[in-house]
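>>> Mind folding the following:
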Amino acid sequence: MNKKMTAVIRREYITRAKTKGFIIGTLLFPLIVGLILGGVFIFMVLFKPSTKTYALVDQSGVIGQTFQNMLDDTLSNGEPKHRMILTEMRIPLDSLLANLQNQVRDKKLDGYLVIPPDILETREVIYSARNVSDFEEQGDFSGVLSYIVGNLRLENQGLPADRIRQEMSRSRVRLISRQITDKGEIEKNAASSFILAYILTYMMLLLMMGYGQTLMRSVVEEKTQRITETIIASIRPRDLLLGKMIGISALGLTQLFVVGVIMMLLVQFIQPVLVNLGLQSPGLMAVIKQIHFTVPLFGFMIVFFLLGYFFFSGLFAGIGAMVNTEDEGQQYQMPIIFLILIGYFMMFAIARHPETPMAFWTSLIPVFTPMVMFARIAVSDPVLPSGTWISLGVMVLANFLLIRIITKVYRVGILMYGKKPSFREALKWIRYK
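So this is what the prediction gives:
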């Protein structure tokens, strides 16, 4: 690496790192990650609803009172979560429902439930409300009704429902998953591993695409403003391209390092924070407790980000050298973006089955390796999946060959003006000596 390339790297990094956009983006990016990890739960606490009032029309005559008594959940302020008003059918059902609908429209009620007389056979209850997007509430209602109906059906068959329920609860088995490692077994939760892989690969996706496009825009800007002609008078095109790629990659590393450190802190301290906010769900706490974002995993994330960035940014730089305007670049970059997204979407299936032959061979295809191989590592950590070191070698070799090819396209393309770009023309540039 000569002094001229170092100057290009310094220029690409410092000029962008000093901008308000980069500084604000670096500070906001960890906040976004934090919101991904805990924001949904925090907002659920902040926007927790007040007591909801429902009318309950029990045509069966045997479920309403029990259902009302079993809905004993309370809000954080001690008020009941639901208030069920048993409504007697003193008028025809159609007239009663019309009256209830008017009360819902007037916001006197949040909704109503109608339990039919043949509930034990149909096992269906009508739930009508002003808003039906609260799936958690509907799940609560459905669970309580299912319990009551199940008891009644068992009793009608002459079986003691309470005894059966008791035996069923005692027979429920909790699966404690443990991963076998070289140092023994460790507890590890499948949901925790998948969530971690999802978040980390999504961060890589954003950074690889974002800074690859930044490089393309930089190449197009210098080309359209005829700056390149002056620059290459004092530096070789290859050194200029590599300097730009390395300088911009340092921006991604800066953000990745900041986000990684904050994520480690979040994983360490998010559990007591959520508990203080009132979120004490055993299932949620179990998932969070098993999220292990380790230093070795962070190291692999950095390595695969760099390998993926240099591979795809080389393609973006080649597009930038070919086109004459940013609009043309936006059109030609779509295949590259699709390749990155395909690798990301493949990750969802491969993360569940990281040791299958398909996962192994797919992780050795350079366009998919950064996402797929890293996802396999993330869900297998601390055990390294098969093909880890092979994939690193494949990516290094792929980057070496790609940069050699892109350099040839770059050195010719940056001096070509006004000519409509074509891949056939680019192939000719590659053959130039």
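
>>> Neighbours of the nearest residue to residue 245 once chain neighbours are set aside, how many?
Spatial nearest neighbour of residue 245, chain neighbours left out: residue 313 (5.5 Å); criterion: CB to CB, 6 or more residues apart in numbering. All C-beta atoms are positioned from the backbone trio N, CA, C, and that covers glycine. Using other CB atoms under 10 Å, residue 313 is surrounded by 30 other residues.

>>> list the contacts for residue 313?
208, 211-212, 215, 245, 248-249 (CB atoms under 8 Å, 6 or more residues apart in numbering).

>>> let's see 7 Å
211-212, 215, 245 (CB atoms under 7 Å, 6 or more residues apart in numbering).

>>> how about the helix or strand harbouring it: buried residues?
Secondary structure from DSSP states H and E places residue 313 in helix 295-322. For helix 295-322, burial by neighbour count (16 or more other CB atoms under 10 Å) applies to 297-298, 300-301, 304-322.

>>> Tell me how far whichever helix or strand residue 148 is part of lies from the chain's centre.
Assigned by DSSP H and E, residue 148 belongs to helix 135-156. In terms of CA atoms, centre = their mean, to the nearest Å, the centre of helix 135-156 is found 34 Å from the chain centre.

>>> max-length strand in the protein?
Secondary structure assigned by DSSP state E gives strand 52-58 as the longest strand of the chain.

>>> Can you spell out the domain ranges of this structure, please?
Split into domains by automatic domain parsing, the chain comes to 3-43+187-431, 50-165.

>>> most packed of the ones you listed?
domain 3-43+187-431 (a mean of 18; mean count of other CB atoms under 10 Å).

>>> mean confidence score for it?
The predicted model assigns domain 3-43+187-431 a mean pLDDT of 79.

>>> hang on, residue 145 packs against residue 124?
No: using CB atoms under 7 Å, residue 145 is not in contact with residue 124; the gap is 9.7 Å.

>>> For the closest residue to residue 17 other than its chain neighbours, which residues are in contact?
Spatially, and ignoring its direct neighbours in sequence, residue 17 is nearest to residue 251 (6.3 Å; CB to CB, 6+ apart). The neighbourhood of residue 251, defined by CB under 7 Å, 6+ apart, consists of 13, 16-17, 22, 211.

>>> if we can go back for a sec, partners of the longest strand of the chain in the sheet?
Its sheet considered, strand 52-58 pairs with strand 82-86 (parallel), strand 111-115 (parallel) by DSSP bridges.

>>> Show me what the first one is in contact with.
In this structure, residues lying in contact with strand 82-86 by CB under 7 Å, 6+ apart are 51-56, 58, 64-65, 67-68, 71.

>>> go with 8 Å
Applying CB under 8 Å, 6+ apart, the contact partners of strand 82-86 are 51-56, 58, 64-65, 67-68, 71, 73, 113, 137, 140.

>>> could you pull out the strands for the protein?
In the chain, strands defined by DSSP E lie at 52-58, 82-86, 111-115, 126-129, 178-181, 184-187, listed in chain order.

>>> Can you flag the weakest of those strands by average pLDDT?
strand 178-181 (a mean of 56).

>>> quick one on the thing from earlier: indicate which one of the strands of the chain is closest to residue 413.
strand 178-181 (49.2 Å; CB to CB).

>>> Identify the residues contacting residue 403.
241-242, 310, 314.

>>> Can you add distance to residue 263 and give those back as TSV?
Converted to TSV, the contacts of residue 403 look like this (distance: CB to CB, whole Å):
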residue	distance to residue 263
241	32
242	30
310	23
314	28
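
>>> now, among these, which is nearest to residue 27?
For the contacts of residue 403, the nearest to residue 27 is residue 310 (26.2 Å; CB to CB).

>>> Excluding sequence neighbours, find me the nearest residue to the closest one.
Take residue 310 and drop its neighbours on the chain: the residue closest to it by CB to CB, 6+ apart is residue 399, 5.0 Å away.

>>> I'd guessed that neighbour sits against residue 311; true?
Yes: contact criterion CB atoms under 8 Å: residue 399 and residue 311 qualify, at 5.5 Å.

>>> Residue 201 reaches residue 347, doesn't it?
Yes: counting by CB under 8 Å, residue 201 touches residue 347, with 5.3 Å between them.

>>> Can you check which residues contact both of these two?
Listed as contacting both residue 201 and residue 347 by CB under 8 Å, 6+ apart are 371, 375.

>>> wait, what's in contact with the closest residue to residue 235 other than its chain neighbours?
Of all residues not flanking residue 235 in the chain, residue 4 sits nearest, at 4.4 Å (CB to CB, 6+ apart). With contact taken as CB under 8 Å, 6+ apart, residue 4 is in contact with 234-235, 239, 243.

>>> 7 Å instead, please
234-235, 239.

>>> now it: how far from residue 114?
79 Å (CB to CB, to the nearest Å).

>>> same question, residue 240
74 Å.
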